[in-house]
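Chemist: need a structure here:
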Amino acid sequence: MLSLSAHVVPLLILVALAFDFINGFHDAANSIATVVSTRVLAPRLAVVWAAFFNFVAAFGLGVNVATTIGKGVVDPSAITNLVALTGLLGAITWDLITWYYGLPVSSSHALIGGLVGAALVAAGPGVLVWAGINKILIFIVLSPVVGMLLGFVFMVAVMWLARNATPLRVDRVFRRLQLVSAALYSLGHGTNDAQKTMGVIAVLLFTNGLLGPTFYVPRWVILAAHAAIAAGTLVGGWRIVKTMGMRITKLQPVGGFCAETAAAISILGASFGGIPVSTTHTISGAIMGVGATRRLSAVRWGVATRILWAWVLTIPAAAIVAGCTYWVIAHLLR
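Modeler: I've put the predicted structure just below:
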């Protein structure tokens, strides 16, 4: 396998952090769409709120997902500097394409697809860790379903508990509670998504002999990854806010609270289990579950279907871009 000199590691770390920034930029809509569409917070306040809790997630919530990305998708010995670079470029390219078209796809699965595509072209299928990949593929389906079911159940439970309350009272209470649920969701988003970049940086350091004999995630990598995703969230991917918060279904503060809480519980549970799920898929599923409590027609299934196709295509599309990029650069280096 061709590789790049260890001298390019600082540049590769910057590319990884650029992906993390774009991840936050792309996924800002996931974090703020519900709270903005319900008019609980103005857009600029909402992104500051989300960015703050994306960064706070750096403290005390572990690095289980980073370990999975570093060792559980591609054999670390196969992640050369060139594989890492082209894998990141594949993920960044797909993220920017889908951002342009306003599609809330998974940056996490784009990264996984990018690494898999580059590693396949570089070394063949033998370097793929199928146990880890299969677990990720299962949760591509499972995470939005869990989000949808929890969103539906929470919304039904809240409607029953508040059945005797006036609409004005319900609105007033859940406008306050939605600040908490939005914070909890952003905490889960930062916990799961920032760790994917940590895993890439840590495996780069490890394969270049800069970590010693044992794989681990240094504290400075944790802080840098969370700072990058928080900065990306501050910039905000406004094209996707409309799709997430307004086009799937119409939300009120009570619905926003239920969707965010359902998604946060799903994501934090997966994070502690070391499973790199899609925060995008999960919050989308939760929003659909909330909308379905009114009636199935309250969910705009045409928009949902377009999002579903983008989800299905993310891993193979990012893999193809990364694989082609690896092939081109490898031929230029020969």
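Chemist: So for residue 305, what's the pLDDT?
Modeler: On pLDDT, residue 305 comes in at 67.
Chemist: ditto for residue 154
Modeler: 94.
Chemist: ok, it to residue 189 distance?
Modeler: 18 Å (Cβ to Cβ, to the nearest Å). C-beta: built from backbone N, CA, C; applies to glycine.
Chemist: Compare the two and say which is more crowded by neighbours.
Modeler: residue 189 (31 against 24; other Cβ atoms under 10 Å).
Chemist: Would you mind measuring from that one to residue 53?
Modeler: For residue 189, the distance to residue 53 equals 8 Å [Cβ to Cβ].
Chemist: just residue 124 next, same as before
Modeler: On the measure of Cβ to Cβ, residue 124 and residue 53 end up 41 Å apart.
Chemist: more crowded one of these two?
Modeler: Set residue 124 next to residue 53 and count neighbours by other Cβ under 10 Å: residue 53 wins out with 21 against 11.
Chemist: Residue 150 contacts residue 286, doesn't it?
Modeler: Yes - with contact defined as Cβ atoms under 8 Å, residue 150 reaches residue 286; the gap is 6.5 Å.
Chemist: the more surrounded of those two?
Modeler: Higher neighbour count among residue 150 and residue 286: residue 286, with 35 against 23, using other Cβ under 10 Å.
Chemist: where in the stretch 201-334 of the chain is pLDDT low?
Modeler: For the stretch 201-334 of the chain, the stretches flagged by pLDDT under 70 are 236-251, 295-311.
Chemist: which residues in the stretch 51-200 of the chain form helices?
Modeler: 64-71, 81-100, 107-123, 130-161, 167-207 (DSSP state H, counting those that start in this stretch).
Chemist: still on that earlier bit, tell me, what's touching residue 150 and residue 286 both at once?
Modeler: Residues touching both residue 150 and residue 286 (Cβ atoms under 8 Å, 6 or more residues apart in numbering): 262, 263, 266.
Chemist: quick one, helices of the stretch 201-334 of the chain?
Modeler: Going by DSSP H, counting those that start in this stretch, the stretch 201-334 of the chain shows helices at 219-235, 238-242, 253-272, 279-292, 301-333.
Chemist: Could you export those as TSV, including distance to residue 70?
Modeler: Formatted as TSV, the helices of the stretch 201-334 of the chain follow (distance: least, Cβ to Cβ, whole Å):
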stretch	distance to residue 70
helix 219-235	11
helix 238-242	28
helix 253-272	15
helix 279-292	19
helix 301-333	17
